[in-house]
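Asks: give me the fold of what follows.
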Amino acid sequence: MLANAPIQFAEKSTVTISRPSNNELLSYIQQYQFLISDIFNALCKEFFSFQLDYGVLPSGKIELLVSLSEEMDKMAKKKMEEIMLDCIQKHNLNPISFQLTLKDLYEPAATESTRLSYNDVMANLFETMNDQNYGDFSVEHSITSESIQVMINLTEDKNAGMQKKAQQLAEDIIRQHQFDVQAFQIEVQNKIAISN
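Replies: Next up, the predicted model:
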């Protein structure tokens, strides 16, 4: 796991905040959604292969978590960090209020932050389902004031056994990333029409 050095050194504060309530988390999501979108778009323009997540650290800082799906050299990682810092500054935000973390897509993230998105987990689930030949399917997630909702949609022809297998796979991937499965509400449906 790599972090931007100046921001990492600024993390010396021992002040901690309690875990935000679900409503507070939704407020953070609304507050930073445009920044996250701008960072995502700026990194995509450079053709990086990544997933972008964010969360609230116990110190109150916002963690920007970039999960890399391929090996990158130090120069490319530095360029990613510079792009992210540039976006933060364009939004008139203080870079010291953020911690940048780069990790491998399949490596669990440190669970210090309260996550505001789970794109890395969903990408891992999607790739695993694709590798296991589930055919056509979709995977989506959202955060509500009550839970983290995961929706897996399979084709109409998939039976209850395949639905149960998809449910179990989602639970296994969530555990692999070291999150509490009980915090997730997983729903598997068969709503994708099969075209002839």
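
Asks: isn't residue 118 right next to residue 139, touching?
Replies: No - counting by C-beta atoms under 8 Å, residue 118 stays clear of residue 139, with 10.5 Å between them. For every residue, glycine as well, the C-beta is placed using N, CA and C.

Asks: quick check: residue 172 vs residue 108, distance?
Replies: Plainly put, residue 172 is 13 Å away from residue 108 if you go by C-beta to C-beta, to the nearest Å.

Asks: and if you look at residue 46?
Replies: 26 Å.

Asks: between these two, which is the more surrounded one?
Replies: A direct count of neighbours by other C-beta atoms under 10 Å for residue 46 and residue 108 places residue 108 higher, at 15 against 11.

Asks: for the more buried one, which non-adjacent residue is spatially closest?
Replies: In space, and not counting its chain neighbours, residue 108 is closest to residue 178: 4.3 Å by C-beta to C-beta, 6 or more residues apart in numbering.

Asks: check contacts around the spatially closest residue to residue 193 that is not a sequence neighbour.
Replies: Distances taken as C-beta to C-beta, 6+ apart place residue 156 nearest to residue 193, at 6.1 Å, with adjacent residues excluded. By C-beta atoms under 8 Å, 6 or more residues apart in numbering, the contact list for residue 156 reads 190, 191, 192, 193, 194.

Asks: of those, which is the most crowded?
Replies: residue 190 leads the contacts of residue 156 on contacts (other C-beta under 10 Å) with 18 neighbours.

Asks: SS state for that one?
Replies: Of the three states, residue 190 takes strand under DSSP: H, G, I helix; E, B strand; the rest coil.

Asks: low-confidence ranges, this structure, go.
Replies: By pLDDT under 70, the low-scoring segments of the chain are 1-20, 22, 111, 196.

Asks: which parts of it are helices?
Replies: All helices of the chain, identified by DSSP state H, fall at 5-9, 22-45, 74-90, 119-131, 160-176.

Asks: just put these in CSV and tack on mean neighbour count.
Replies: Compiled in CSV, the helices of the chain are given as follows (neighbours: other C-beta atoms under 10 Å):
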stretch, mean neighbour count
helix 5-9, 13
helix 22-45, 15
helix 74-90, 16
helix 119-131, 19
helix 160-176, 16
